[in-house]
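Asks: how would this look folded up:
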Amino acid sequence: MCRWLAYTGSPILLDELLYEPEHSLIEQSRFARLGAETTNGDGYGLGLYEGDGDVPPTVVRSTTPAWSDLNLRELAGHFRSRLFFAHIRASTGSAVQQTNCHPFRYGRWLWMHNGAITDFGRLKRDLVFAVDPELYPAIEGSTDSEVMFFLALTFGLRQDPPAAVERMVGFVEWTGRRYGVENAVQMTVATSDGERVWSFRYSSQNRSRSLFYSTEVRTLRQLHPEVFIREVLSDDARIVVSEPLRDLPGAWNEVPESTYIVTEHGLHEVHPFHPVSPP
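Replies: Numbers count the residues shown, from 1 in each chain. The predicted structure follows:
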């Protein structure tokens, strides 16, 4: 599987989250405590929103393990972003190549995923055929994660992200049942249009991979002044992570099963997630 991080708030150096915490995402690439695999060494990716309007996010992807990539270390110490995605990959079977590294981009939209579609090879043909023909040419890689993204786009991600992801998951599960594949979906997903971040935790078995969101920064400064008085995080900053970056009581909240959260300018909403099967 994989590990990922989504940040929104005032612009910060990527280094502040990718390298500085004792259990940073880079450390998780070598030693993940809550992941299906300990090591996530099949590449990494960044998606950075830098401007406003219709400027697409910058995407950087590499097949090099995150812990040993000097270019990533250099970039993280010099680039700031107000909203960014970071992902470290452990392949579930698809090739280790740049086009299979997350996050995936379409216009202003980013998407990253931890998990898998069960027996994806058997379901792939039907799933890919359901992608809107106008979107299909933009698929670059061979992962189930990217197919999920383009199915969500097909089902209206740009208009109503929660409804589109519910339809996507329902369609994958429905397709799986047609092939005798039960429990087809395992996922934590993050997607963004550059203003809001939607994060989803769901699995067909109701045994989802780990996902957490950060406590409000003003509360963190009260709980742990020794850490957060000197931190650069703004009051409206929020972080969603596969696993906590620091071992601090009260700093992290587990996302419940079958739930999605919406983060925008410091506001944080939690909603139930219900897949919608085709009629």
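
Asks: can you map out the strands along the stretch 51-200 of the chain?
Replies: Per DSSP state E, counting those that start in this stretch, the stretch 51-200 of the chain carries strands over the ranges 58-62, 80-89, 104-106, 109-117, 185-192, 197-203.

Asks: quick check: angle from the fourth one to strand 185-192?
Replies: With axes from the mean of the first three to the mean of the last three Cα atoms, to 10 degrees applied, the angle from strand 109-117 to strand 185-192 works out at 170 degrees.

Asks: May I have strand 109-117 as CSV, with CA atoms only?
Replies: Backbone C-alpha positions of strand 109-117 (Å, rounded to 0.1, in the frame of the first residue of the first chain) are rendered in CSV as follows:
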residue,chain,number,x,y,z
TRP,A,109,-7.7,18.5,-9.7
LEU,A,110,-5.3,16.3,-7.8
TRP,A,111,-6.0,12.8,-6.5
MET,A,112,-4.0,10.3,-4.4
HIS,A,113,-4.9,6.9,-3.0
ASN,A,114,-3.8,4.3,-0.5
GLY,A,115,-5.3,0.9,-0.9
ALA,A,116,-6.3,-1.3,-3.8
ILE,A,117,-9.1,-2.7,-6.0
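
Asks: Let me know the angle separating it from strand 58-62.
Replies: 40 degrees.

Asks: Figure out how far stretch 90-101 is from the centre of its chain.
Replies: 15 Å (Cα atoms, centre = their mean, to the nearest Å).

Asks: same question, stretch 223-242
Replies: 20 Å.

Asks: and if you look at stretch 63-78?
Replies: 19 Å.

Asks: Tell me which residues of it come out buried.
Replies: 63, 65-67, 69, 72, 75-76 (16 or more other Cβ atoms under 10 Å). Heads up, the C-betas are built off the backbone N, CA and C, glycines and all.

Asks: Repeat that for stretch 98-106.
Replies: Going by 16+ other Cβ under 10 Å, stretch 98-106 has these buried residues: 100-106.

Asks: Please apply the same query to stretch 7-22.
Replies: Quick answer for stretch 7-22 (16+ other Cβ under 10 Å): 7-9, 11-19, 21.

Asks: any chance of these in a markdown table, with pLDDT and distance to residue 161 too?
Replies: Formatted as a markdown table, the buried residues of stretch 7-22 follow (pLDDT from 0 to 100; distance: Cβ to Cβ, whole Å):
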| residue | pLDDT | distance to residue 161 |
| --- | --- | --- |
| 7 | 97 | 18 |
| 8 | 96 | 15 |
| 9 | 93 | 20 |
| 11 | 93 | 24 |
| 12 | 93 | 25 |
| 13 | 94 | 28 |
| 14 | 96 | 25 |
| 15 | 95 | 29 |
| 16 | 93 | 27 |
| 17 | 95 | 23 |
| 18 | 97 | 25 |
| 19 | 97 | 30 |
| 21 | 94 | 28 |
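
Asks: Greatest separation within these: which pair is it?
Replies: Greatest spacing in those, by Cβ to Cβ: 8 and 19 (19.2 Å).

Asks: can you list the weak-confidence ranges in the stretch 1-150 of the chain?
Replies: 1, 53 (pLDDT under 70).

Asks: residues in contact with the helix or strand hosting residue 17?
Replies: In this assignment (DSSP states H and E), residue 17 forms part of helix 15-18. For helix 15-18, contacts defined as Cβ atoms under 8 Å, 6 or more residues apart in numbering pick out 5, 7, 24-26, 72, 76-77, 86, 231-233, 239, 245.

Asks: 7 Å instead, please
Replies: 5, 7, 24-26, 76-77, 86, 232, 239, 245 (Cβ atoms under 7 Å, 6 or more residues apart in numbering).

Asks: Let me have the residues you listed in a markdown table, extended by distance to residue 216.
Replies: As requested, these are exported to a markdown table (distance: Cβ to Cβ, whole Å):
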| residue | distance to residue 216 |
| --- | --- |
| 5 | 18 |
| 7 | 15 |
| 24 | 21 |
| 25 | 21 |
| 26 | 26 |
| 76 | 25 |
| 77 | 27 |
| 86 | 22 |
| 232 | 16 |
| 239 | 11 |
| 245 | 16 |
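
Asks: For the protein, give the helix that spans the most residues.
Replies: helix 161-178 (DSSP state H).

Asks: Just the angle for that helix relative to strand 109-117, thanks.
Replies: 30 degrees.

Asks: Looking at helix 161-178 now, give me its mean pLDDT.
Replies: Mean pLDDT, computed over helix 161-178, is 98.
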